[in-house]
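Asker: Can you look at this prediction? I've put the sequence above it.
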Amino acid sequence: MSSYKASLEAAASFLNEHDHFLVVNHVNPDGDATGSLLAMKWILHRLGKQATLVNEGETPVKFMFLPGADEIIDASVQAERHTYDAIITCDCADFARIGEVKMWFAPNCALLNIDHHPTNDLFGTVNLVRTDAAATAEIIFDLINHIQLVPGKELATCLYTGLLTDTGGFRYSNTTSHVMAAASELLGYGVEPGSIAERVLESITKAHISLLQRSLQTLQLTDDDKAAYLTVTLSDLTATGASSEDTEGIVNYGRNIDGVEVGVLFKEVAEDQIKVSFRSRSEVDVASIAKSLGGGGHIRAAGCTVAAPLMEAKRIVIQKVSEALRECGDKS
């Protein structure tokens, strides 16, 4: 039995051994995290189990069309009522990404960790982690097949959304034949691809456009045009009325400039707290940069939070990116 098949079997046993699960995704959830969370709820209900869904932070409006999204508790506004003995985490690259939801965990709880990030540190008592998967939704698709459940439209819509968003609309290099086969099978259960793409990829708010206009004025390119840096400050968010959700995608404008290898977005979330998003084109492992700063993610898309004022955070991050670019140059 392959190690992945053994992990699927261990996950299936975990689901059978408990009755009521707390299902968690990461802070600032995205499409894969939300779709995977809701897919696990569908699986648990189909198995006759109970599920409580929670994440730290509001579920983005663009994902509220997903079946069951209105059941997700925002832990940042609702204190824990009691603790849970059986936990399932979805799409959390490490334990820190769970955030304050950890306060909902009972001491010595059993924890099933389902994830696809290379920086995952296997924090579960059972770990269903496949780092070459495009999305956590792809792993849950495999789990459904392993336990021989037949998807319905609701489940298929959740998983398809996870695949769609984490592959950038099936454009990124993680779009494999297995991903496309899974998406094709899910379409057979009634998924409406045009409607989902319109909601999660094509629609933007006026606040996003206003924020983008301000952010592009901060664009800094290195002398060799290999790195591009953009900034969003607290005053930008206030002036435009934008939410954290409206910053999504802005980092790509820097990386998409012809010749740029690394794009970085600095987002001020407090005076001494800067969230940093990284994107790379083909050479630099930005997950390693993020991990060295306490964050994580993927080789081509990662992030971290730096506890420092904006200018100091920029100095630290730019130095890290410069070192990574220099190392890539030395190898070529």
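Answerer: Nice, thanks for sending it over. What you see is a predicted model; the values in this text were computed from it and never measured.

Asker: quick one, strands of the stretch 101-250 of the chain?
Answerer: Under the criterion DSSP state E, counting those that start in this stretch, strands of the stretch 101-250 of the chain are mapped to 105-115, 126-129, 220-221, 227-232.

Asker: Tabulate those strands in JSON lines, adding columns for mean pLDDT.
Answerer: Converted to JSON lines, those look like this (pLDDT from 0 to 100):
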{"stretch": "strand 105-115", "mean pLDDT": "97"}
{"stretch": "strand 126-129", "mean pLDDT": "98"}
{"stretch": "strand 220-221", "mean pLDDT": "97"}
{"stretch": "strand 227-232", "mean pLDDT": "98"}
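
Asker: among those, which is the most enclosed?
Answerer: Among the strands of the stretch 101-250 of the chain, the stretch with the highest mean neighbour count (mean count of other C-beta atoms under 10 Å) is strand 227-232, at a mean of 23. Where you see a C-beta, it was placed from the backbone N, CA and C, and this is true even at glycine.

Asker: re earlier: rebuild the strands of the stretch 101-250 of the chain as a markdown table, extending it with distance to residue 283.
Answerer: Shown next, in a markdown table, are these (distance: least, C-beta to C-beta, whole Å):
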| stretch | distance to residue 283 |
| --- | --- |
| strand 105-115 | 25 |
| strand 126-129 | 25 |
| strand 220-221 | 17 |
| strand 227-232 | 12 |
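
Asker: and residue 82, how far is that from residue 31?
Answerer: 30 Å (C-beta to C-beta, to the nearest Å).

Asker: between those two, who's got more neighbours?
Answerer: Taking neighbours as other C-beta atoms under 10 Å, residue 82 and residue 31 compare with residue 31 leading, 26 against 8.

Asker: State the number of residues packed around the nearest residue to the more buried one once chain neighbours are set aside.
Answerer: Distance criterion C-beta to C-beta, 6 or more residues apart in numbering; nearest residue to residue 31, sequence neighbours excluded, is residue 165 at 3.0 Å. Counted with other C-beta under 10 Å, the neighbours of residue 165 add up to 23.

Asker: hang on, residue 165 packs against residue 32?
Answerer: Yes: Residue 165 lies in contact with residue 32 (C-beta atoms under 8 Å); the separation is 5.7 Å.

Asker: Please enumerate the helices of the stretch 101-250 of the chain.
Answerer: Secondary structure of the stretch 101-250 of the chain by DSSP state H, counting those that start in this stretch: the helices cover 136-146, 153-166, 177-187, 193-197, 206-216, 234-240, 250-255.

Asker: Please tabulate those helices in CSV, including the columns distance to residue 118.
Answerer: Output for the helices of the stretch 101-250 of the chain, formatted as CSV (distance: least, C-beta to C-beta, whole Å):
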stretch, distance to residue 118
helix 136-146, 13
helix 153-166, 14
helix 177-187, 17
helix 193-197, 27
helix 206-216, 28
helix 234-240, 31
helix 250-255, 19
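
Asker: got the angle between the top helix by length along the chain and strand 227-232?
Answerer: Taking DSSP state H as the criterion, the chain has its longest helix at helix 310-331. Here helix 310-331 runs at an angle of 160 degrees relative to strand 227-232 (axes from the mean of the first three to the mean of the last three C-alpha atoms, to 10 degrees).

Asker: Where does pLDDT dip in the stretch 1-150 of the chain?
Answerer: Within the stretch 1-150 of the chain, the stretches with pLDDT under 70 are 1.

Asker: overlap in contacts of residue 165 and residue 32?
Answerer: Shared contacts of residue 165 and residue 32 (C-beta atoms under 8 Å, 6 or more residues apart in numbering): residue 135.

Asker: Can you give the domain ranges for this structure?
Answerer: Using the TED database, the domain ranges for the chain come out as 1-202, 206-330.

Asker: First-to-last residue distance for the last one?
Answerer: Taking C-alpha to C-alpha, to the nearest Å as the measure, domain 206-330 stretches 44 Å from start to finish.

Asker: and if you look at stretch 293-306?
Answerer: OK, stretch 293-306 end separation, C-alpha to C-alpha: 7 Å.

Asker: which residues are contacting it?
Answerer: So stretch 293-306 is contacted by 93-94, 96-97, 117-120, 172-174, 269, 273-281, 285-287, 289-291, 313, 316-317, 320 (C-beta under 8 Å, 6+ apart).

Asker: Which residues does the residue lying closest to residue 316 once chain neighbours are set aside form beta bridges with?
Answerer: Nearest residue to residue 316, sequence neighbours excluded (C-beta to C-beta, 6+ apart): residue 306, at 6.1 Å. Going by DSSP bridges, residue 306 is paired in beta bridges with residue 274.

Asker: What is the neighbour count of residue 306?
Answerer: Using other C-beta under 10 Å: residue 306 sits among 21 other residues.

Asker: Please tell me how far it sits from residue 70.
Answerer: In terms of C-beta to C-beta, residue 306 sits 34 Å off from residue 70.

Asker: Once you drop chain neighbours, what's closest to residue 115?
Answerer: Nearest non-adjacent residue to residue 115, counting by C-beta to C-beta, 6+ apart: residue 129, 5.1 Å away.

Asker: Appreciated, that's everything.
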